[in-house]
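**Q** how would this look folded up:
(chains A and B)
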Amino acid sequence: MTSELIGIPVSVRVALSLAVLFLCANTSTAVGQSSGDGDVAVGPTKNANLQDGANALSASNVEEGIELTLAGLREARTPRERRTGLSNLCAGYLMLEQLDQALRYCNDALELSDKNWRVYNNRALIYVLQRRFDDAETDLAKCEELHPHSSATKVVRQMLLHAQHPVTPVITVDDRRGAAVVEVDNE
Amino acid sequence: MNKPALTVLLLLVGGSALAQGKVAAIDTIDGPDSRDDLNRNPVQTVIPEYPRQAWLDQIEGDVQVCFYVTRGGRPYNIAVRHSDNKIFERPVREAVKISWFEAIPRSEKVPQIKTCRKFQFRLEYLEPDETKG
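**A** Coordinates of the predicted model:
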């Protein structure tokens, strides 16, 4: 399994689901507003499959989410819907650890828009899992440029750090005589 | 008579113990009866958990705490004497709080001396093969 090959500690990998990001096809953002987050759909979409797929992915129903998103992608009418679908497919396949598929969809999404930090974040995670550390570093730098201080990016950066420099904790306890003699009631 | 310092080394392999918040404990390490000494003999030394965030960020550090020990062997008035990073202080305090020392019989005088304990938090590099499984 990929997780055993890449040498990332299990407890770090628990953070994987935190680091995978989705683009919701339907947000409560009012029409005309910009969240400043890159490619966030504005206003309700008419593409129900895309929406349901995003919801399923967010609920970790990955297979169902991918199926619905693929259906939504086939019905996509706008570039935004297409970008959203591709990005969510990247995230979905990443959750399944089907990295080649995930990478393909991330690359397709970035071809449509190279301003989406979420896709860079997900692709950086793919690169970490593939041990392509230089590529991961490049994408993380892009994330940090587009969306500074993202906690999801921080998680991926930690995963990169641990993949490059795996460590195990060692705690040493050293008892020594205290020098200070004090008056104290020990009862 | 000086009792050699007790050094306990615990290797927490992988992150499972951290993830589960386990606190390891080490039972008594027998030594000479040192009631004529001012030092108290540890009965159980609890090892703190490595703070998860420190581990993720690969932060190392030392914390030294000093405390008194009751006649019954419980540490109290635990004070941090030295600390490289605050992130380590809480687990150290908690570990010391639930550690204990040999009790002193009523017939004997309780040593009125602080006990100090130093905790070193280190991260050892693993070869990639060691992280499998």
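
**Q** Can you tell me what sits against the top helix by length along chain B?
**A** Identified as the longest helix of chain B according to DSSP state H is helix B:89-97. Contact with helix B:89-97 is made by B:23, B:46-51, B:63, B:65, B:67, B:75, B:78, B:80, B:83, B:117, B:119, as judged by C-beta atoms under 8 Å, 6 or more residues apart in numbering or on different chains. To be clear about C-beta, it is placed using only N, CA and C from the backbone, and glycine gets the same treatment.

**Q** again, only this time at 10 Å
**A** A:171, A:173, B:21, B:23-25, B:45-51, B:54, B:61-67, B:74-76, B:78-80, B:83, B:115, B:117-119, B:121 (C-beta atoms under 10 Å, 6 or more residues apart in numbering or on different chains).

**Q** So which of the residues you listed are in helices?
**A** Among the contacts of helix B:89-97, DSSP H puts B:A54 in helices.

**Q** in chain B, which spans are strands?
**A** Here chain B has its strands, by DSSP state E, at B:6-11, B:24-26, B:42-47, B:61-69, B:75-83, B:100-101, B:113-125.

**Q** of all these, which lies closest to A:L96?
**A** strand B:113-125 (31.2 Å; C-beta to C-beta).

**Q** which residues of chain B score low on pLDDT?
**A** B:1-38, B:128-133 (pLDDT under 70).

**Q** cool, chain A as well?
**A** In chain A, residues with pLDDT under 70: A:1-45, A:176-187.

**Q** quick one, strands of it?
**A** In chain A, the strands defined using DSSP E lie at A:167-181.

**Q** longest helix anywhere in it?
**A** Across chain A, the longest stretch assigned as helix under DSSP H is helix A:79-95.

**Q** could you dump that one to PDB, C-alpha only?
**A** Output in PDB follows, covering the C-alpha atoms of helix A:79-95 (Å, rounded to 0.1, in the frame of the first residue of the first chain):
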ATOM      1  CA  PRO A  79     -15.600  26.800 -17.100                       C
ATOM      2  CA  ARG A  80     -16.200  27.200 -13.400                       C
ATOM      3  CA  GLU A  81     -18.200  24.100 -13.100                       C
ATOM      4  CA  ARG A  82     -15.600  22.200 -15.100                       C
ATOM      5  CA  ARG A  83     -12.800  23.500 -12.900                       C
ATOM      6  CA  THR A  84     -14.700  22.600  -9.800                       C
ATOM      7  CA  GLY A  85     -15.400  19.100 -11.100                       C
ATOM      8  CA  LEU A  86     -11.800  18.500 -12.000                       C
ATOM      9  CA  SER A  87     -10.500  19.800  -8.700                       C
ATOM     10  CA  ASN A  88     -12.900  17.600  -6.700                       C
ATOM     11  CA  LEU A  89     -12.000  14.600  -8.800                       C
ATOM     12  CA  CYS A  90      -8.400  15.200  -8.000                       C
ATOM     13  CA  ALA A  91      -9.300  15.400  -4.300                       C
ATOM     14  CA  GLY A  92     -11.500  12.300  -4.500                       C
ATOM     15  CA  TYR A  93      -8.900  10.100  -6.200                       C
ATOM     16  CA  LEU A  94      -6.300  11.500  -3.800                       C
ATOM     17  CA  MET A  95      -8.400  10.200  -0.900                       C
END
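
**Q** give me the number of residues near residue 54?
**A** All of this is about chain A. 29 (other C-beta atoms under 10 Å in any protein chain shown).

**Q** wait, chain B
**A** Counted with other C-beta under 10 Å, B:A54 comes out at 19.

**Q** Who are the contact partners of it?
**A** A:P169, B:L18, B:E60, B:G61, B:N85, B:I87, B:F88, B:P91, B:F121, B:L123 are the contacts of B:A54 under C-beta under 10 Å, 6+ apart.

**Q** does the fourth one really touch B:Q120, like I thought?
**A** Meaning B:G61. Yes. Using C-beta atoms under 10 Å, B:G61 is in contact with B:Q120, at 8.1 Å.

**Q** what is in contact with the two at once?
**A** The contact lists of B:G61 and B:Q120 share B:D84, B:F88, where a contact means C-beta under 10 Å, 6+ apart.

**Q** Of the contacts of B:A54, which is the nearest to A:G92?
**A** Using C-beta to C-beta, B:L18 comes nearest to A:G92 of these, at 29.1 Å.

**Q** and stretch B:58-66, which residues are buried?
**A** Judged by neighbour count (16 or more other C-beta atoms under 10 Å in any protein chain shown), stretch B:58-66 contains these buried residues: B:I59, B:E60, B:G61, B:D62, B:V63, B:Q64, B:V65, B:C66.

**Q** Name the nearest residue to the first one, sequence neighbours excluded.
**A** Right, the one you point to is B:I59. Leaving out its chain neighbours, the residue that sits closest to B:I59 by C-beta to C-beta, 6 or more residues apart in numbering or on different chains is B:N85, at 6.1 Å.

**Q** how many neighbours does the one you found have?
**A** Using other C-beta under 10 Å, B:N85 has 14 neighbouring residues.
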